[in-house]
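In: missing the sequence, but the structure's below:
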């Protein structure tokens, strides 16, 4: 299992990627699409929109596909400064999608808002 964690305006959402879904994704994506920043932005927007919607329950196939893209983008990126090993956290610093940072989940401590 792989996971993308999204932090936005005090809300933390986990997008778990089942192994079989990730394997299907990697079989279907070409190397020419694996590290396209515009595609990363689209995937991040899908996840951010889900978090902002406040929906309870599990995410759907669109969010799973977006999470696959984000995880694959960073874990297979050939440039060291863009490479993240393991699960990824997306941090929306301002809560409005304009200031985004990415990090390895193990490098970030997110405390719940009281």
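Out: Yes, it's here. It should be emphasised that the depicted structure is a prediction, and the values quoted were computed from it without experimental measurement.
In: can you list the residues that contact stretch 8-15?
Out: 3-6, 47-48, 50-52, 54, 59, 63-64, 66-67, 92, 95, 110, 112-113 (C-beta atoms under 8 Å, 6 or more residues apart in numbering). Using the backbone N, CA and C atoms, a C-beta is placed for each residue, glycine as well.
In: actually, stretch 23-40.
Out: By C-beta under 8 Å, 6+ apart, stretch 23-40 touches 65, 68-70, 72-73, 76-78, 82.
In: still on that earlier bit, restricted to strands, list the contacts of stretch 8-15.
Out: 3-6, 92 (DSSP state E).
In: just send those residues back as TSV, with neighbour count, distance to residue 99 and pLDDT too.
Out: As requested, the ones in strands among the contacts of stretch 8-15 are exported to TSV (neighbours: other C-beta atoms under 10 Å; distance: C-beta to C-beta, whole Å; pLDDT from 0 to 100):
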residue	neighbour count	distance to residue 99	pLDDT
3	15	23	97
4	27	18	98
5	20	17	95
6	24	14	95
92	21	7	93
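In: mind listing which of the contacts of stretch 23-40 are in helices?
Out: Among the contacts of stretch 23-40, DSSP state H puts 65, 68-70, 72-73 in helices.
In: pretty sure residue 51 is touching residue 44, no?
Out: No. The pair residue 51 and residue 44 does not pass the contact test of C-beta atoms under 8 Å, sitting 10.5 Å apart.
In: in the sheet, who's paired with the residue nearest to residue 101 when sequence neighbours are not counted?
Out: Excluding the flanking residues, the one nearest residue 101 by C-beta to C-beta, 6 or more residues apart in numbering is residue 91, at 4.6 Å. On the basis of DSSP bridges, residue 91 is bridged to residue 7, residue 101.
In: thought residue 91 was touching residue 4?
Out: No. Residue 91 lies out of contact with residue 4 (C-beta under 8 Å); the separation is 11.6 Å.
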